[in-house]
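>>> let me see the structure of the following:
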Amino acid sequence: MNTVTYKMPCGILETESQTVKSGQDKRDWTQYSRAIAVLMSKRMSELGLTQKMLAENGVELKLTEGALDFLSQVGYDPEFGARPVKRAIQRYLLNDLSKKLLSQEVDRSKAITVDAGGDGLVFRN
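Numbering: from 1, shown residues only. Predicted coordinates:
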């Protein structure tokens, strides 16, 4: 039995005792799937809190898959994993949305759709 430590894409370290065959890929799909589930859970919980906070202020937000993918890409850092997700939501979603609302480019009384576009997010009613 060897102890194998996996450095997962979302920054989670997993240590497990198992028999390692020569040439075996140290990141098997079970471990990888678990790490992706944790990343998705973190991303969804942060976005859920953001949407709830906006809804309490009368703003309905709908995020497309493109927007979710964009936020997960900019919110991932190989060194820190998914921890920067909250900062990415603040920078790319909340800051830009605030500017659009203040300039009245989007109407807060209608649902706001957020999509990925260029090097940021696009907001439209």
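>>> local confidence estimate at Val106?
pLDDT, Val106: 95.
>>> numbering from 344 from now on, please.
Sure, I'll start counting at 344 from here, so that last one is Val449.
>>> what ranges in the chain fall below the confidence cut-off?
Residue ranges of the chain with pLDDT under 70: 344-387, 424-425.
>>> swap in 50 and give it another go.
344-367 (pLDDT under 50).
>>> looking at this, Val402 is in a strand?
No - Val402 is assigned coil when assessed by DSSP: H, G, I helix; E, B strand; the rest coil, not a strand.
>>> surely it is in contact with Asp450?
No - using C-beta atoms under 8 Å, Val402 is not in contact with Asp450, being 9.9 Å away. Any C-beta I mention is one placed from the backbone N, CA and C, and that applies to glycine too.
>>> looking at the two, which is more packed in?
Neighbours were counted for Val402 and for Asp450 using other C-beta atoms under 10 Å; Val402 has more, 18 against 13.
>>> for the closest residue to that one other than its chain neighbours, give me its contacts.
Of all residues not flanking Val402 in the chain, Arg451 sits nearest, at 5.1 Å (C-beta to C-beta, 6 or more residues apart in numbering). Residues counted as contacts of Arg451 (C-beta atoms under 8 Å, 6 or more residues apart in numbering) are Gly401, Val402, Leu444.
>>> residues contacting the second one?
Contacts for Val402 were tallied using C-beta under 8 Å, 6+ apart; they are Leu440, Leu444, Arg451, Ile455.
>>> now the helices: where do they sit in this protein?
372-399, 408-417, 428-431, 438-445 (DSSP state H).
>>> check which residues of the shortest one are buried.
Translated: helix 428-431. Val428, Lys429, Ala431 (16 or more other C-beta atoms under 10 Å).
>>> please apply the same query to the last one.
Applying a neighbour-count criterion of 16+ other C-beta under 10 Å, the buried positions in helix 438-445 are Leu440, Lys443, Leu444.
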